[in-house]
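Chemist: after the sequence you'll find the predicted model.
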Amino acid sequence: ADCFDKSQWVAYLSSTGVYGDHDGAWIDENAGLLCTDAKSKARVKAEEAFSAYDAVVLRLGGIYGPGRSLLDAQRRTASTSEKPVNRIHVDDIAGALIALADRDVRATTYNVVDDDPAPRSAVSAFADELIGPAKAKGAAKPSRGTVSKRCRNQKLRGVYELLAPTYKEGLLRIKDADPA
């Protein structure tokens, strides 16, 4: 972060992982940072360092998009997880960055997530509707993590309109863009 001065617009892309576990509760940018893992703790320190330069901090949900979604064969596995998952389409990350830079937004934090922290099982079921069921690869995958939270995006929605407000629009964008 020492290569910036306060005259430059700077954004730091962090993760909603910094919030840690909130037992599935809805939280906003003011929620406590309860992370316990080393990677998320390092992100908190990086957020603090970039904030010294009036950077805008974007806490991203799980990133998906073309080549990185449940529409891709290598990612297709059944899921039984009912844990909420905060996610964001890659096009909306770019859109949010442009909107914030155009407005010269500084020294604040935004949750960059869609409107629906749906469980992976719901997303998997919708992917099945779009392209057919995944080929069986053994037992359904359990949840990846133990933390649970539902991140609000109301602050972001005040400056940017999501292209993919839920995983359904996001997966449809990916499917419609696929030339296959």
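Modeler: Received the coordinates, thanks. Being a predicted model, the structure only gives us computed values, none of them experimental. Numbers count the residues shown, from 1 in each chain.
Chemist: let me see the contact set for the residue positioned nearest the centre of the chain.
Modeler: For the chain, the residue nearest the mean C-alpha position is residue 61 (1.6 Å; C-alpha atoms, centre = their mean). Each residue near residue 61 by C-beta atoms under 8 Å, 6 or more residues apart in numbering is listed here: 16, 85-88, 111-114, 117, 151. All C-beta spots, glycine's among them, are computed from the backbone N, C-alpha and C.
Chemist: quick one: least confident helix or strand in this structure?
Modeler: The helix or strand of the chain with the lowest confidence, counting by mean pLDDT, DSSP states H and E, is helix 120-131 at a mean of 91.
Chemist: list of residues touching the helix or strand following that one?
Modeler: Next along the chain after helix 120-131, taking DSSP states H and E as the criterion, comes strand 150-151. The contact list for strand 150-151 (C-beta under 8 Å, 6+ apart) reads 16, 19, 24-28, 59, 61, 84, 86, 111, 113, 117.
Chemist: same question for stretch 23-38.
Modeler: So stretch 23-38 is contacted by 17-22, 41, 43-44, 59, 83-84, 108-111, 148-152, 154-155 (C-beta under 8 Å, 6+ apart).
Chemist: try it again at 7 Å.
Modeler: Residues outside stretch 23-38 that contact it (C-beta atoms under 7 Å, 6 or more residues apart in numbering) are 17-22, 41, 44, 84, 109-111, 148-152, 154-155.
Chemist: where along the protein do the strands fall?
Modeler: Assigned by DSSP state E, the chain shows strands spanning 11-15, 26-27, 56-60, 62-64, 87-89, 109-112, 150-151.
Chemist: and the ones you listed: which comes nearest residue 121?
Modeler: Within those, the stretch nearest residue 121 is strand 87-89; the backing value is 13.6 Å (C-beta to C-beta).
Chemist: and stretch 57-64, how far apart are its ends?
Modeler: End-to-end span of stretch 57-64 (C-alpha to C-alpha, to the nearest Å): 19 Å.
Chemist: which parts of that stretch are buried?
Modeler: Using 16 or more other C-beta atoms under 10 Å as the test for burial, stretch 57-64 gives 57-64.
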